[in-house]
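Participant: model this:
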Amino acid sequence: MATFVLVPGYWLGGWAWEEVAGPLRAAGHDVHAVTLAGMAERAGEAAPGVDVDAHAADIAEVIERGGLSGVVLVAHSGANMAATAVADRMPERIARVVYVDTGPMPAGLAGIDFHDPQARAELEKQVADEGEGWLIPVPAFDPAADPVNLAGLTGEHLAAMRERGTPQPFGTATQPAARPDPLPDTPRTLVACTIPLAAVRRLGAEGNPVFAGMTGPSWTYRELPTGHWPMFSAPRELAALLDELATLG
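Facilitator: Numbers count the residues shown, from 1 in each chain. Got it, this is the predicted structure:
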């Protein structure tokens with residue numbers, strides 16, 4: 001039996017993991033699906049001050065309050081920042097970090113820095129115009145406009161994401177990572193859905209600061225060809241991958 005802590009990406013709560021958590025629990029694992037401050041049933045806690053540190057504290061509280069150890073910490077998409085902070089700060093509790101179609105940012109870079117300048121400017125304008133200056137609005141989740149990321153999602157999935165999604169505190173995208181030196185040698189795995197592994201390796205070898213941090217002896221890789229939200233589009237396949245990763249040394 002392994003202990004999983006599942007952290008959803010932007011706009012989602014712990015509810016997003018329901019179809020992954022079920023098979024993992026059926027396999028005998030202990031599963032904790034986290035809802036972060038300001039999201040889903042915790043929407044009332046949203047505030048301009050909610051940032052990466054606040055969300056990292058939420059994850060750490062789940063681990064500490066539950067007395068959890070040997071944790072397989074699973075981060076989807078934008079949860080990479082908070083999950084990485086927790087893994088860096090309490091490596092003695094973490095057996096493995098699994099990044100689902102995402103990866104850790106190097107020290108000094110924020111989630112928004114992953115965007116090119118035009119996309120960053122568009123996001124900042126959207127937050128200013130539609131998010132009161134501190135919220136990232138829930139996207140339209142239009143498969144015609146974003147066929148790669150939304151691949152494999154049904155109309156029911158998309159409706160749930162639109163209706164149950166929660167605006168994301170912008171501080172979680174703008175607070176830079178503060179990482180220790182040296183980094184802990186915690187095992188880490190990338191589950192690549194829309195990120196081609198060949199591109200990850202090429203960009204890492206070329207010295208791209210984000211992808212260079214996703215290579216090395218502590219890293220393993222798995223591919224799950226689907227869209228960016230595999231907890232909806234391929235939940236049983238993702239659960240099977242996580243079950244297999246829990247057995248790795």
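Participant: Neighbours of the residue nearest to residue 227 when sequence neighbours are not counted, how many?
Facilitator: Nearest residue to residue 227 in three dimensions, chain neighbours excluded: residue 151, at 3.6 Å (C-beta to C-beta, 6 or more residues apart in numbering). For every residue, glycine as well, the C-beta is placed using N, CA and C. Residue 151: 18 surrounding residues under other C-beta atoms under 10 Å.
Participant: what is the most centrally placed residue in the chain paired to in the beta sheet?
Facilitator: What sits nearest the mean C-alpha location of the chain, by C-alpha atoms, centre = their mean, is residue 76, with 2.5 Å. Residues in a beta bridge with residue 76, per DSSP bridges, are residue 100.
Participant: Do a quick rundown of the strands in the chain.
Facilitator: 3-7, 30-33, 71-76, 94-100, 135-136, 168-169, 188-192, 219-223 (DSSP state E).
Participant: now what about the fifth one, what contacts it?
Facilitator: Going back to what we said before, that points to strand 135-136. The list of residues contacting strand 135-136 from outside it, by C-beta atoms under 8 Å, 6 or more residues apart in numbering, reads 10-11, 46, 123, 126-127, 167-170, 173.
Participant: For residue 211, see how far away the residue nearest to the centre of the chain is.
Facilitator: Distance of residue 76 to residue 211, computed by C-beta to C-beta, to the nearest Å: 18 Å.
Participant: Compute the number of surrounding residues for the residue lying closest to residue 37 once chain neighbours are set aside.
Facilitator: Closest residue to residue 37 apart from its sequence neighbours, by C-beta to C-beta, 6+ apart: residue 45 at 4.5 Å. Counted with other C-beta under 10 Å, the neighbours of residue 45 add up to 15.
Participant: I figured residue 45 was touching residue 35, is that so?
Facilitator: No. Assessed by C-beta atoms under 8 Å, residue 45 is found out of contact with residue 35, at 9.9 Å.
Participant: quick one: low-confidence ranges for this structure?
Facilitator: Applying pLDDT under 70 to the chain flags residues 249.
Participant: how much space is there between the residue nearest to residue 232 when sequence neighbours are not counted and residue 230?
Facilitator: What sits nearest to residue 232 in space, not counting adjacent residues and going by C-beta to C-beta, 6+ apart, is residue 157, at 4.5 Å. Taking C-beta to C-beta as the measure, residue 157 and residue 230 are separated by 11 Å.
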